[in-house]
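In: With the input below, show me the fold.
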Amino acid sequence: MTTFIFLKRLLLAIFAIYLLPTFASAGWWALQDRPARWSEANWGSAGILPEASQSDEAAVYVFSAKTGGLKGAVASHAWIVTKEKGARTYTRYDKVGWGSPIRRNHRPADAFWYSNRPELVTKITGEDAQALIPKVEAAIAAYPYAEPGGYTIWPGPNSNTFVAHVLRSVPELGAVLPPHAVGRDYLPDGAFVHLDDDGKDLHLTIRGLIGLSAGVRSGFEVHFLGLVAGLDVMRPGIKIPAFGRIGV
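Out: Below is the predicted model:
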């Protein structure tokens with residue numbers, strides 16, 4: 001009887017914390033006017049970044065935007081942008097499921113994704129950025145799923161697995177991807193546990209399906225089938241599956 005009550009409460013908790021927000025997001029998403037095909041979507045600049053030539057400062061940015069189709073109700077796509085000191089152009093890196101797996105500059109640095117405006121996950125500029133760019137590029141080069149075929153939409157490795165790998169490898173970037181970045185919690189090579197290089201965030205997972213993260217950047221998160229619920233501590237807020245982060 002005790003086991004039955006525990007399972008019942010566990011299922012109710014899963015429904016309330018993970019499934020209810022997901023269903024609500026899907027319902028709201030279905031009511032919106034969205035492009036029917038990728039060819040009808042807006043892939044142009046969202047006007048978030050200044051022209052690269054306007055500043056000599058180095059910069060590193062990480063963006064995330066909801067993706068297309070019904071999966072956009074629960075999932076997003078992330079990418080990395082760098083600019084060397086004195087450079088007159090940005091360099092954008094995406095992991096995609098077609099063609100060359102890690103694309104360079106196939107879209108403007110701050111482009112809409114399937115007509116969805118991107119959010120800025122983190123921004124580093126100046127000398128700090130210049131010092132981090134070689135580390136970012138080394139993490140990109142070391143990504144273990146960079147060859148054709150190294151992409152699985154769920155639970156990973158996918159576009160968010162790639163960016164999360166870089167963020168874990170270069171913790172000085174000081175960020176984690178939003179809760180709707182499905183695939184971010186898939187650890188390379190099927191690892192069960194990962195401690196970030198600075199020792200400030202710990203990640204446990206079973207193939208990105210069930211796990212948790214805890215630390216300075218992650219706060220406390222519990223992962224279920226690629227969905228993330230949790231609390232931010234350093235920047236008070238809550239992480240809601242499908243919707244994202246709400247807080248300061």
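In: CA only for contacts and neighbour counts going forward, please
Out: Will do.
In: Where does the prediction get shaky in this structure?
Out: Where the chain drops to pLDDT under 70, the residues are 1, 99-100.
In: As a check, name the ranges of all strands in this structure.
Out: With strands called from DSSP state E, the chain shows them at 59-66, 76-83, 91-95, 102-104, 119-125, 193-195, 201-206, 210-215, 219-224, 227-232, 237-240, 244-247.
In: Tell me which of those strands lies nearest to Glu172.
Out: Across those, the minimum distance to Glu172, taken as C-alpha to C-alpha, is reached by strand 119-125, at 9.4 Å.
In: Tell me the helices and strands packed up against that closest one.
Out: Helices and strands touching strand 119-125, by 3 or more C-alpha pairs under 8 Å, 6 or more residues apart in numbering; DSSP states H and E, are strand 59-66.
In: Paired strands for the strand it packs on, with orientation please.
Out: The strands that strand 59-66 pairs with in its sheet are strand 76-83 (antiparallel), strand 119-125 (antiparallel) (by DSSP bridges).
In: between the longest one and strand 91-95, how big is the angle?
Out: Put plainly, it is strand 76-83. Calculated by axes from the mean of the first three to the mean of the last three C-alpha atoms, to 10 degrees, strand 76-83 forms an angle of 150 degrees with strand 91-95.
In: How about the last one?
Out: Inter-element angle recorded for strand 119-125 and strand 91-95: 140 degrees (by the same axes, to 10 degrees).
In: Dump strand 119-125 to PDB, restricted to CA.
Out: Extracted in PDB, the C-alpha atoms of strand 119-125 (Å, rounded to 0.1, in the frame of the first residue of the first chain):
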ATOM      1  CA  GLU A 119      17.100  35.500 -26.500                       C
ATOM      2  CA  LEU A 120      20.600  36.400 -25.400                       C
ATOM      3  CA  VAL A 121      21.800  33.700 -22.900                       C
ATOM      4  CA  THR A 122      25.200  35.300 -22.100                       C
ATOM      5  CA  LYS A 123      27.400  38.000 -23.300                       C
ATOM      6  CA  ILE A 124      31.200  38.600 -22.700                       C
ATOM      7  CA  THR A 125      33.100  41.500 -24.200                       C
END
